[in-house]
Structures are given as C-alpha cells and as structure tokens.
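J.: the amino acid sequence is not available; the structure is as follows:
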C-alpha cells in the first residue's frame, strides 16, 4: 500500500489550467439541466441529483470557487423548477456542501473509490432529508423508492468524477503526477 504522496502545491496540468469560476458555473448549469431533463416516469425515482453531485465535486476540487452560496442558489433553482416547497433542496444542498467543506482536505487526498465511500452517506442523506421533511410538513404518502437515487448517485460518482477530471485536465487523485527530476 505504498501510495505516492501528492505534492502540497498543484503540479503539471492542474497548475497550467486551474478551475475558473466560469468553468465551474457552466458545469453546474449543465448538471442542473441534466437533473431537470424529462426522464421517463418509470425510472424517475432512480435518477440521481446531478446538480448535487456537481456541487460536491467542485467543493472538493475548488472549495473557494463553489461554496455554500452556490449550493443555496442552485437549491432554490431546483425547488422552483420542480415545484416543491421553497428551501427544501436549498437546505439539503447547503447541508451536504457544509459537510463536504468540513472534510474537504481529507476527501481531496483520497482516490475515487475512497471518496465514494465517504460521499455515499451524504448522497443518500440528501434524499432521506428531503423525504423526512416531506413527511413532517404533511406532503402525504412518501415513496421510499426515491432513496434509491442516493444509491445510484454513489454508484455513478466514480465514472462521473473520472470524466470531469479528464475533461478539466486534472490527474486523478492517487495517480502519480509528472514531475521534473531533481537537479
């Protein structure tokens, strides 16, 4: 289990092309659009919240550029677009974002499978929080199948994180970076 240590400062492609605020918000906008696609009614309960997944990804990779403010704004947009109680998704997004920001340094050092193990309870917890608040406010019968979206989100985290890492030119965590030999 001898893993190479990651450098304290960005190296290589990450240093040459750091994430920008515009790139992050374009990515969040695409994830928001993917979340709101008209999915078939039979599989809608399996569709993960891509907006939350993108928020968590960028809070791990660039916490200063996507934080609680972005989580709150995209949560309100999701509430309005889905026609649910205003603040429901905003509360869930802010809660998940806050927890990720607390453990961001630890998550940043993990490889993707270990990140998935750390993020799975948050992705499932978001769905549980939304269902619980729905029960508390008396939204009627709650369909517990919607918890499956959290499990699907956890299963989709590794390929989506890998895809965004490659698209942004970032080396995957735990992978050796190209360094110049010492003089």
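T.: Yes, it's here. Since the structure is predicted, the reported quantities are computational estimates derived from the model, not experimental observations.

J.: does residue 25 sit in a helix or strand, and which one?
T.: Using DSSP states H and E, residue 25 sits within helix 21-35.

J.: what's the angle between the next helix or strand after that helix and helix 21-35?
T.: Following helix 21-35 in sequence order, the next helix or strand is helix 50-61 (DSSP H and E). If you take axes from the mean of the first three to the mean of the last three Cα atoms, to 10 degrees, helix 50-61 sits at 150 degrees to helix 21-35.

J.: which element follows helix 50-61 toward the C-terminus?
T.: Next element after helix 50-61 (DSSP H and E): helix 68-82.

J.: list the buried residues of that following helix.
T.: Using 16 or more other Cβ atoms under 10 Å as the test for burial, helix 68-82 gives 70-72, 74-79. The way it works is simple: take the backbone N, C-alpha and C, and place the C-beta from them, glycine included.

J.: in terms of helices and strands, where is residue 165?
T.: Residue 165 belongs to helix 148-167 when elements are defined using DSSP H and E.

J.: nearest to residue 95, of the buried residues of helix 68-82?
T.: Nearest to residue 95, judged by Cβ to Cβ, of these is residue 71 at 8.7 Å.

J.: between the buried residues of helix 68-82, which is nearest residue 117?
T.: Set against residue 117, the nearest of the buried residues of helix 68-82 by Cβ to Cβ is residue 71 (22.0 Å).

J.: least confident secondary structure element in the chain?
T.: Ranked by mean pLDDT, DSSP states H and E, the helix or strand of the chain with the weakest confidence is helix 12-16, at a mean of 57.

J.: and the residue nearest to residue 104 when sequence neighbours are not counted, what are its phi and psi?
T.: Nearest residue to residue 104 in three dimensions, chain neighbours excluded: residue 63, at 5.1 Å (Cβ to Cβ, 6 or more residues apart in numbering). Torsion angles at residue 63 (phi, psi; degrees, to the nearest 10) stand at phi -70, psi -20.

J.: longest helix in the chain, please.
T.: If you go by DSSP state H, the chain has its longest helix at helix 112-136.
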